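Generate coordinates for the sequence data below:
(one chain, ligands or ions: 2)
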Amino acid sequence: MRVLVTGGAGFLGSHLCARLISQGHEVVCLDNFFTGRKGNIRHLLGNPDFELVRHDVIDPFKFEVDQIYNLACPASPPHYQFNPIKTTKTSVMGAINCLGLAKRVRARVFQASTSEVYGDPSVHPQPESYWGNVNTIGLRSCYDEGKRCAETLFFDYHRENNVDIRVVRIFNTYGPRMHPNDGRVVSNFIVQALKGQDLTVYGDGSQTRSFCYVDDLIEGFDRLMNQDEVTGPINIGNPGEFTMLELAEETLKVVGGPSKIIHQPLPADDPKQRQPDITLARQHLKWEPTIELAEGLKRTADYFRAEIA
Ligand code: NAD
Ligand code: UDP
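Ligands and ions are numbered 1, 2, ... in the order given. Here you go, the predicted model:
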């Protein structure tokens, strides 16, 4: 197949492109390099089945493809809050452009949605049937509401135009090829520990997240995209739930060194808890995560050790 991956030079996109190439597909990787890097896909650049296109998903695009994965959108809070209007445009216009293309060329189209659609959840763990608790006017809203609107567009194109959609709700995922300055918690803690700097826990560190290693996530993408039973939305994430203090302690155990844990102010609207209910993924995709946090942190630390050396 010929497959378009928007946001293909980013953290998740680069792993997805590599997997698609290894499966024998042709890949068109579209990216504006806002948070992505050529370095993430350098190993694919000489491959005749891999094509890199510098383009912004806000502007229309045309490719003859069989499948589209829409991953283009900054995912780290400092990056998506850098230009919040652009973030909303990226999610909404990017979805419209992907869906319009999918409709024209009859491609199956996949949306990288997020656990952020649940906001600061009052239901725990979060099943797909939970509608969420999202602030419409806060600092995170550009991302959360953009992603919620993208889901709406996916389901309206599906109902109105019979577009063949798949929607995944991704819970916090980490691994090699995150940017050292990405700003998300796992890369921050590992890079801080490797540099011997103190680990910055925001707030009292009692807020929780559930961390999925990237290889497990990409396996879930593949299973969702290449089956005919369900459209989603479907949660993909690791149900292992940790407080940020526990994550900091685990990181120090894995990386070692003299770093201490320090506290910094909690950002506005920071969700207090988050854990995926993966019943549907287990049932429909036969998917579950296989990589424990300690092992995933070790692999990610090995990557950053080489990267920042
Ligand atoms: P990332 O920031 O590393 O990758 C995003 C990619 O999209 C980058 O290559 C960036 O340059 C590109 N991009 C951004 N705006 C663009 C635009 N307007 N036009 C073209 N390209 C653009 O983040 P990631 O972690 O790889 O996330 C990928 C996708 O998965 C995002 O849509 C994100 O919302 C979603 N997601 C990720 C996580 C996670 O934990 N990693 C969780 C939930 C959802
Ligand atoms: N966080 C932290 N220290 C950091 C970066 C983040 O304690 O250096 C916290 C942040 O406040 C949040 C959690 O870690 O509670 C996850 O943050 P991240 O930005 O990785 O993802 P998100 O909040 O979008 O789930």
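
where in this protein is pLDDT low?
Across the chain, nothing is flagged by pLDDT under 70.

What parts of it come near ligand 2?
76-77, 172, 184-185, 188, 200-202, 207, 209, 244, 266-267, 270 (CB under 6 Å from any ligand atom). From N, CA and C alone the C-beta is placed, and that goes for glycine too.

Filter those residues down to the buried ones, PyMOL style.
Selection of the buried residues among the residues of the chain next to ligand 2 in PyMOL, burial being defined by 16 or more other CB atoms under 10 Å:
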select buried, resi 76+77+172+184+185+188+201+207+209+244
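
distance of the residue nearest to Pro74 when sequence neighbours are not counted from ligand 1?
Distances taken as CB to CB, 6 or more residues apart in numbering place Tyr80 nearest to Pro74, at 4.4 Å, with adjacent residues excluded. Separation of Tyr80 from ligand 1 (CB to the nearest ligand atom, to the nearest Å) stands at 8 Å.

Tally up the residues packed near Tyr80, please.
Around Tyr80 there are 27 other residues, counting by other CB atoms under 10 Å.

swap in the one 3 residues further on?
If you count neighbours by other CB under 10 Å, Asn83 ends up with 14.

Backbone dihedrals for it, please?
phi -140, psi 80 (degrees, to the nearest 10).

Report whether stretch 19-37 contacts ligand 1.
Yes - under the criterion of CB under 6 Å from any ligand atom, ligand 1 is reached by stretch 19-37 at Asp31, Asn32, Phe33, Phe34, Thr35, Gly36.

Going by neighbour count, list what's buried in that stretch.
Within stretch 19-37, the residues that qualify as buried are 19-21, 25-32, 34-36, counting by 16+ other CB under 10 Å.

any chance of these in TSV, with secondary structure too?
Formatted as TSV, the buried residues of stretch 19-37 follow (DSSP: H, G, I helix; E, B strand; the rest coil):
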residue	secondary structure
Arg19	helix
Leu20	helix
Ile21	helix
His25	coil
Glu26	strand
Val27	strand
Val28	strand
Cys29	strand
Leu30	strand
Asp31	strand
Asn32	coil
Phe34	coil
Thr35	coil
Gly36	coil
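
Closest one of those residues to Pro176?
Checking those against Pro176 with CB to CB, the nearest one is Arg19 at 13.6 Å.

Ile218 is in contact with that closest one, correct?
Yes - look at Arg19 against Ile218 with CB atoms under 8 Å: they come within range, at 5.5 Å.

which residues do the two both contact?
Common neighbours of Arg19 and Ile218, counting by CB atoms under 8 Å, 6 or more residues apart in numbering, are absent.

want to throw the buried residues of stretch 19-37 into TSV with distance to Glu160?
Putting these into TSV (distance: CB to CB, whole Å) gives the following:
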residue	distance to Glu160
Arg19	32
Leu20	29
Ile21	34
His25	29
Glu26	30
Val27	29
Val28	26
Cys29	29
Leu30	25
Asp31	29
Asn32	29
Phe34	31
Thr35	32
Gly36	32
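
Helices of the protein, start to end?
11-22, 77-80, 84-105, 141-161, 185-194, 214-225, 244-255, 279-280, 293-307 (DSSP state H).

Out of the ones you listed, which is closest to Glu116?
helix 141-161 (4.6 Å).

touching ligand 1 at all, the closest one?
No - using CB under 6 Å from any ligand atom, helix 141-161 stays clear of ligand 1, coming no nearer than 6.5 Å.

and that helix, what other elements does it pack with?
helix 77-80, helix 84-105, strand 108-114, strand 165-170 (3 or more CB pairs under 8 Å, 6 or more residues apart in numbering; DSSP states H and E).

before we move on, the earlier item: just the residues of stretch 19-37 next to ligand 1 now: which is nearest ligand 2?
Thr35 (13.0 Å; CB to the nearest ligand atom).

Pretty sure Leu12 is one of the things the closest one touches, is it not?
No - Thr35 is beyond contact range of Leu12, at 11.1 Å (criterion: CB under 8 Å).

which residues are common contacts for the two?
In terms of CB under 8 Å, 6+ apart, Thr35 and Leu12 are both contacted by the residues Ala75.

Asn188 reaches Tyr202, doesn't it?
No - using CB under 8 Å, Asn188 makes no contact with Tyr202, being 9.7 Å away.
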